[in-house]
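> need a 3D model of the following:
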Amino acid sequence: MTARLYRYTRLLLIVLLACAQAACALFQPRDPVTVSVIGIEPLPGQELELRMAVKMRVQNPNEAPIDYDGIALNLEVNGQPLAAGVSDQQGHIGRYGEAVVVVPVSITAFAFLRQAYGLGQLDSLQGLPYKLRGKLAGGALGTVRFTDEGQLDLPKGAYR
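Predicted coordinates for the structure are as follows:
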């Protein structure tokens with residue numbers, strides 16, 4: 001009886017060690033993806049809503065590919081929320097690869113008015129800070145979050 005218990009205990013320890021090793025492989029540190037906004041195009045809106053398609057280049061600087069099944073993003077300009085969007089598109093970004101992803105976003109009339117009021121208080125529309133936050137959904141352990149920050153420089157003839 002003791003020999004049998006010893007064998008089962010030993011087998012259980014081996015299985016636990018194998019599971020722990022596999023779990024460590026899942027939690028390897030991952031470098032953050034690089035996201036750059038490369039274009040914004042207008043889309044048809046409804047009533048008091050503006051719609052745009054945000055084009056982003058997503059670069060994966062990791063050994064493991066990224067498979068995603070859904071995208072969400074939020075855009076802030078000048079410290080205020082401006083646009084939000086989601087897409088149920090699926091995709092694959094290979095290891096050390098890149099892809100162009102297009103996400104439709106909405107701007108409510110209230111967010112637009114808030115931005116217009118805030119911009120009216122500024123001396124110049126050059127160097128407006130923006131922050132883009134989002135995620136590529138990939139399940140419980142596969143979701144990849146990203147951020148992009150920078151400054152918007154509008155052409156001189158685009159305002160006032």
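> do a quick rundown of the strands in this protein.
34-43, 49-59, 66-77, 80-93, 98-108, 126-136, 144-153 (DSSP state E).
> please identify the deepest-packed of the ones you listed.
The highest mean neighbour count among the strands of the chain, using mean count of other Cβ atoms under 10 Å, belongs to strand 66-77: a mean of 18. Quick note: C-beta positions are derived from backbone N, CA and C, even for glycine.
> ok, that strand: who's next to it in the sheet?
Applying DSSP bridges to the sheet, strand 66-77 is found paired with strand 80-93 (antiparallel), strand 126-136 (antiparallel).
> contact partners of the last one?
Contacts with strand 126-136, where a contact means Cβ atoms under 8 Å, 6 or more residues apart in numbering, come from 33, 35, 37, 56, 58, 66, 68, 70-79, 103, 119, 122, 143-154.
> mind checking how far stretch 134-151 is from the chain centre?
How far stretch 134-151 lies from its chain's middle: 3 Å, per Cα atoms, centre = their mean, to the nearest Å.
> ugh, wrong one, stretch 89-103
With Cα atoms, centre = their mean, you get 11 Å for stretch 89-103.
> list the contacts of it.
Counting by Cβ under 8 Å, 6+ apart, 33, 38, 53-71, 73, 85-87, 134 sit against stretch 89-103.
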